[in-house]
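Need the 3D shape of this:
(chains A and B)
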Amino acid sequence: MSRAALLVLADGRFPAGGHAHSGGAEAAVKAGRITGAGSLEEFCRGRLHTTGLVSASLAAGAALGLDPVELDGAADARTPSPALRVAARKLGRQLMRAARATWPSPELDALAQEFPKGAHQPVVLGLAARAAGLGAEDAAYCAVYESVSGPASATVRLLSLDPFDATGVLARLTPELDRVARQAVEAARCAVGGGVAALPAASAPLLEIGAEAHAAWAVRLFAS
Amino acid sequence: MHLDHHHSHDGAAAVSADAHRPDGRRRALRIGLGGPVGSGKTATVAALCRALRDELALAVVTNDIYTREDAEFLLREAVLPPERITAVETGACPHTAIRDDISANLEAVEDLEDEVGPLDLILVESGGDNLTATFSKGLVDAQIFVIDVAGGDDIPRKGGPGVTTADLLVVNKTDLAPHVGSDLGRMAADAKAQRAELPVVFQSLRAEDGDGVKDVVAWVREQLTAWAA
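All right, here's what the predicted structure looks like:
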């Protein structure tokens, strides 16, 4: 396996559609919950320990070889908001295209055929990591990092936040990213024997509610 | 102009600009329209649709920056049935969605072919952007860059990837030239200097006969002939 493949997959410029999504930041900015670097950090911390943990465990599970169809069902069960399910499948479909072009794999082909309109993004991410020769920990790291880097870069655009401040937020969160990635991999290993019910089901109600409100706006910068 | 693609591996669906659909049929020709805000991209798309819709199976993808206004304008003008117009959201970066990360646009064109196809032509309209915005060859087969005389007659001289490399440069709103003091002769000479043999069309969509778009229509027909050959 190539260690550098992790950098390719985790790169924010990997062409998988993430740039058009704010990870809930646009709704939170409008509601006054993110107003600067301090509140961005709190928002990202909350997202990391909820959505981030769940996504990372799904990605780690897929990388370990758990049945992706079952994982997709587990992702649906952990995503109450229909708008977020749509966004997750859209992003999953876009990541699938990029991953199949980058790391061709029969497993990716099979999942693409099973879900022509997209499986949940973290499941595709885990399978993409597997196709790239990466492990469960790598997949979990990609997922936890995405869970905070998306809102941070979106907030730079939404609030004209100083980009150095936004990057500082991400840097300060890295010890927690380590912890959550570890937790996610442990849970995924439990799910190998114990089934997908062993995966975490942490939720962030404000993210779900915010996503539903956001999806109904007539004017918005981000798709979610 | 033609994208000469080869299969490097299985799974044609993963090869973005493949000239064939998964079922083996040739896909629709895709033409991108880019250019600055307000230069007349949507008006040109609407005029193209009116001119070509009776003889071709057509669809449009719009890339609005923060609203669905371009898509809604086309719907309101009823230039095509609603199921033939799709809007892509671009996360405040219209050029990213047509150049650096084209996945959402590729899905939009593929879904249109799946749902209302087979299609002959799909027009992909960029959100209004700057002079550096160009379409990826993975997304479109040819691109039109639309500027207007009121944006300043020095734009062709300034060049930039859109003005210099687009397969067709359209200078729109020529009827306004006398009112904004733009020198059409100078614009034509500067465009020629930047683009050498690449074509330039000067148009006004205000023409009484509604035929202001005829030169662009003729160019699109040439592209279609070459695509079908």
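
host element of the spatially most central residue of chain B?
Using C-alpha atoms, centre = their mean, the residue of chain B that lies closest to the mean C-alpha position is residue B:33, 2.0 Å off. The secondary structure element spanning residue B:33 is strand B:29-34 (assigned by DSSP states H and E).

That strand near chain A anywhere?
No: for strand B:29-34, no contact with chain A is found by C-beta under 8 Å from any C-beta of the partner chain; the gap never falls below 16.0 Å. Where C-beta positions appear, they are placed from N, C-alpha and C, glycine not excepted.

ok, and what's touching that strand?
With C-beta atoms under 8 Å, 6 or more residues apart in numbering or on different chains as the contact definition, strand B:29-34 has outside contacts at B:41, B:44-45, B:98, B:109, B:120-126, B:129, B:133-135, B:139-146, B:162, B:166, B:220, B:223-224, B:227.

Could you restrict those to the ones contacting chain A?
Counting by C-beta under 8 Å from any C-beta, no member of those reaches chain A.

of the residues you listed, buried ones?
Buried by 16 or more other C-beta atoms under 10 Å in any protein chain shown: B:41, B:44-45, B:98, B:109, B:120-126, B:129, B:133-135, B:139-146, B:162, B:166, B:220, B:223-224, B:227, out of the contacts of strand B:29-34.

Just the CA atoms of stretch A:179-187, as PDB, please.
Provided in PDB are the C-alpha atoms of stretch A:179-187 (Å, rounded to 0.1, in the frame of the first residue of the first chain):
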ATOM      1  CA  ARG A 179      -9.400  10.400  19.400                       C
ATOM      2  CA  VAL A 180     -12.600  10.200  17.300                       C
ATOM      3  CA  ALA A 181     -10.800   8.300  14.500                       C
ATOM      4  CA  ARG A 182      -9.600   5.800  17.000                       C
ATOM      5  CA  GLN A 183     -13.000   5.400  18.500                       C
ATOM      6  CA  ALA A 184     -14.600   4.900  15.100                       C
ATOM      7  CA  VAL A 185     -12.100   2.200  14.100                       C
ATOM      8  CA  GLU A 186     -12.700   0.400  17.400                       C
ATOM      9  CA  ALA A 187     -16.500   0.500  16.800                       C
END
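
which parts of that stretch are buried?
Neighbour-count burial for stretch A:179-187 flags A:180-181, A:183-187 (criterion: 16+ other C-beta under 10 Å).

With stretch A:55-66 instead?
Along stretch A:55-66, the positions that meet the burial threshold by neighbour count (16+ other C-beta under 10 Å) are A:55-64, A:66.

can you check stretch A:132-148 too?
By neighbour count, with 16+ other C-beta under 10 Å as the criterion, the buried positions of stretch A:132-148 are A:132, A:134-148.

Inside helices: which ones of the contacts of strand B:29-34?
Counting by DSSP state H, the part of the contacts of strand B:29-34 found in helices is B:41, B:44-45, B:109, B:162, B:220, B:223-224, B:227.

Name the nearest of these relative to chain A.
If you rank those by distance to chain A using C-beta to the nearest C-beta, residue B:109 comes first, at 12.4 Å.

what residues are up against that closest one?
Taking C-beta under 8 Å, 6+ apart as the criterion, residue B:109 is in contact with B:28, B:30, B:59, B:61, B:122, B:124, B:139.

again, 10 Å this time
Taking C-beta atoms under 10 Å, 6 or more residues apart in numbering or on different chains, we find residue B:109 in contact with B:16, B:27-28, B:30, B:59, B:61, B:86, B:88, B:102, B:117, B:119, B:122-124, B:139-140.

Grab the nearest non-local neighbour of residue 64.
Answering for chain A, as no chain was given. The spatially closest residue to residue A:64, leaving aside those adjacent along the chain, is residue A:136, at 4.9 Å (C-beta to C-beta, 6 or more residues apart in numbering or on different chains).

that's the wrong chain, I meant chain B
Leaving out its chain neighbours, residue B:64 is closest to residue B:70 (C-beta to C-beta, 6+ apart), at 5.0 Å.

what is the mean pLDDT for stretch B:179-192?
The pLDDT scores in stretch B:179-192 average 96.

And residue B:201, how far from chain A?
The span separating residue B:201 from chain A equals 32 Å under the rule C-beta to the nearest C-beta, to the nearest Å.

neighbours of that residue, just the number please.
As a burial measure, residue B:201 scores 19 neighbours (other C-beta atoms under 10 Å in any protein chain shown).

Nearest residue to it in space, please, no chain neighbours.
The spatial neighbour of residue B:201 that comes closest, neighbours along the chain excluded (C-beta to C-beta, 6+ apart), is residue B:215 at 4.4 Å.

Going by neighbour count, which residues of the helix or strand hosting that neighbour are buried?
Per DSSP H and E: residue B:215 is located in helix B:214-228. For helix B:214-228, the neighbour count (16+ other C-beta under 10 Å) marks B:215-216, B:219-220, B:223-224, B:227 as buried.

Stretch B:172-181 too?
Residues of stretch B:172-181 classed as buried by neighbour count (16+ other C-beta under 10 Å): B:172-174, B:177.

Need the residues that contact it.
Stretch B:172-181 is touched from outside by B:35, B:38-41, B:43-44, B:146-153, B:171, B:182-185, B:187, B:201-207, B:212-213, B:216, with contacts defined as C-beta under 10 Å, 6+ apart.

quick one: which of these sit in helices?
B:41, B:43-44, B:184-185, B:187, B:216.

what about the strands in chain B?
For chain B, the strands identified by DSSP state E occupy B:29-34, B:58-62, B:85-87, B:121-125, B:142-148, B:168-172, B:200-202, in order along the chain.

Bridge partners for the residue nearest to the centre of chain B, pull those for me.
With DSSP bridges applied, the residues forming beta bridges to residue B:33 are residue B:125, residue B:144.

on contacts alone, who are the packing partners of the top helix by length along chain A?
What stands out as the longest helix in chain A, according to DSSP H, is helix A:163-194. For helix A:163-194, the helices and strands in contact under the criterion 3 or more C-beta pairs under 10 Å, 6 or more residues apart in numbering or on different chains; DSSP states H and E are helix A:37-47, helix A:53-64, helix A:68-77, helix A:136-159.

Now mean pLDDT and distance to residue A:12 too, for these, in JSON lines please.
Converted to JSON lines, the helices and strands packed on helix A:163-194 look like this (pLDDT from 0 to 100; distance: least, C-beta to C-beta, whole Å):
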{"stretch": "helix A:37-47", "mean pLDDT": "98", "distance to residue A:12": "15"}
{"stretch": "helix A:53-64", "mean pLDDT": "98", "distance to residue A:12": "16"}
{"stretch": "helix A:68-77", "mean pLDDT": "98", "distance to residue A:12": "22"}
{"stretch": "helix A:136-159", "mean pLDDT": "97", "distance to residue A:12": "6"}
